[in-house]
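Student: Whatever this is, show me its structure:
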Amino acid sequence: MKKENLLEVCYGPVYINQGKYKGIIGTYDDDEIGQDGKEYAIVYIGKDLLSGDDIWVPKAYLSEVTTSQIISRQKEIIGNIFEFHMLSPKNRSKSLYMNQVNLLNEFILLETILNETFIKARFLNSNSGKKIFISHSSMDKEFAKILSTDLSNAGHIPWLDEWNITVGESIPRSISKALRNSDFVLVILSDNANRSQWVQAEWENKYWDEISEGMVKVLPVLYKECQIPDLLKTKKYADFSRDYSKGLESLLFALGERIDN
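Tutor: Numbers count the residues shown, from 1 in each chain. The predicted model follows:
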């Protein structure tokens, strides 16, 4: 798999990563050639029926949107709306009111995308990619769910205890079976994980399979800066601690190479 394939942007939800609209998430709907002869993407902000005029964005400014970006943008919009309501009415200009309308439209779109994404990842997963056991501390559950969602939407089959263990099932037996059947154990590294005996037992189980079979089985993911376990110090990890999108890109690239090989 070539790395650039992971960066191809398709029609649908997109993240604007530079320019005057940087940080906005919208719907990439069509292409146009501008008066300058350059190719632009037509991006709608908000649900189609609620959105105002579309915006034109150079295609090079777009990237596929991640679940983490959606959640971060929602928090940013909520903060902006809160600041607006802290203003006295006389300081609320027409442009500020219009900006609030655009932000609300975008928030509605984000909520729709997020709900569809979670439902698809958890209940409609018919992927044929790698089976990936997500080893994590319960204190890092939100990150584990976000990452599992993005892995599922990229074509893989994440195993997450909250998603895959049903009421009445034996938790230890379910985990043991999932570990045996997984192609990889993805260990989410943080201080929380280092304090968890469950997490250590899960990834060490697969680590010794890796040693005996001479194949990569354990994939470290650095969620937050922490002391790397001794057995994992020789491994390159996917670094999510500073930039989620870059961490996801490097992880998907590594998984893509495993698929192709």
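Student: Pretty sure residue 105 sits against residue 27.
Tutor: No - counting by C-beta atoms under 8 Å, residue 105 sits too far from residue 27 to count as a contact (11.0 Å). C-beta coordinates here come from the backbone N, C-alpha and C atoms, glycine included.
Student: May I see the domains of this protein written out as residue ranges?
Tutor: 1-124, 125-260 (automatic domain parsing).
Student: By mean pLDDT, show me the worst of the ones you listed.
Tutor: Per-stretch mean pLDDT for the domains of the chain is lowest at domain 1-124 (a mean of 85).
Student: quick one: contacts for residue 194?
Tutor: By C-beta atoms under 8 Å, 6 or more residues apart in numbering, residue 194 lies in contact with 226-227, 229.
Student: quick check, nearest of these to residue 166?
Tutor: Ranked by distance to residue 166 (C-beta to C-beta), the contacts of residue 194 are led by residue 229 at 31.0 Å.
Student: can you give me the strands for this protein?
Tutor: 12-16, 25-33, 39-44, 55-58, 62-64, 131-135, 157-159, 184-189, 218-222, 238-239 (DSSP state E).
Student: name the helices or strands packed onto the third one?
Tutor: What that stands for is strand 39-44. strand 12-16, strand 25-33, strand 55-58 (3 or more C-beta pairs under 8 Å, 6 or more residues apart in numbering; DSSP states H and E).
Student: With the first one instead?
Tutor: Contact analysis of strand 12-16 by 3+ C-beta pairs under 8 Å, 6+ apart lists strand 25-33, strand 39-44, strand 62-64 as its packing neighbours.
Student: For the ones you listed, give me CSV that also has distance to residue 111 and mean neighbour count.
Tutor: Listed next are those as CSV, based on distance: least, C-beta to C-beta, whole Å; neighbours: other C-beta atoms under 10 Å:
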stretch, distance to residue 111, mean neighbour count
strand 25-33, 11, 16
strand 39-44, 16, 18
strand 62-64, 19, 20
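Student: looking at those, which is closest to residue 196?
Tutor: Minimum separation from residue 196 across those (C-beta to C-beta) falls at strand 62-64, 31.6 Å.
Student: What strands line up against the closest one, and which way round?
Tutor: Strands that pair with strand 62-64, judged by DSSP bridges, come out as strand 12-16 (antiparallel).
Student: how close does residue 26 sit to residue 98?
Tutor: 16 Å (C-beta to C-beta, to the nearest Å).
Student: tell me the angle the longest helix belonging to the chain makes with strand 39-44.
Tutor: Secondary structure of the chain per DSSP state H: the longest helix is helix 94-123. Relative orientation of helix 94-123 and strand 39-44, computed by axes from the mean of the first three to the mean of the last three C-alpha atoms, to 10 degrees: 90 degrees.
Student: what packs against helix 94-123?
Tutor: Using 3+ C-beta pairs under 8 Å, 6+ apart, helix 94-123 sits against strand 25-33, helix 67-86, helix 141-153.
Student: ok, now with 6 Å
Tutor: helix 67-86, helix 141-153 (3 or more C-beta pairs under 6 Å, 6 or more residues apart in numbering; DSSP states H and E).
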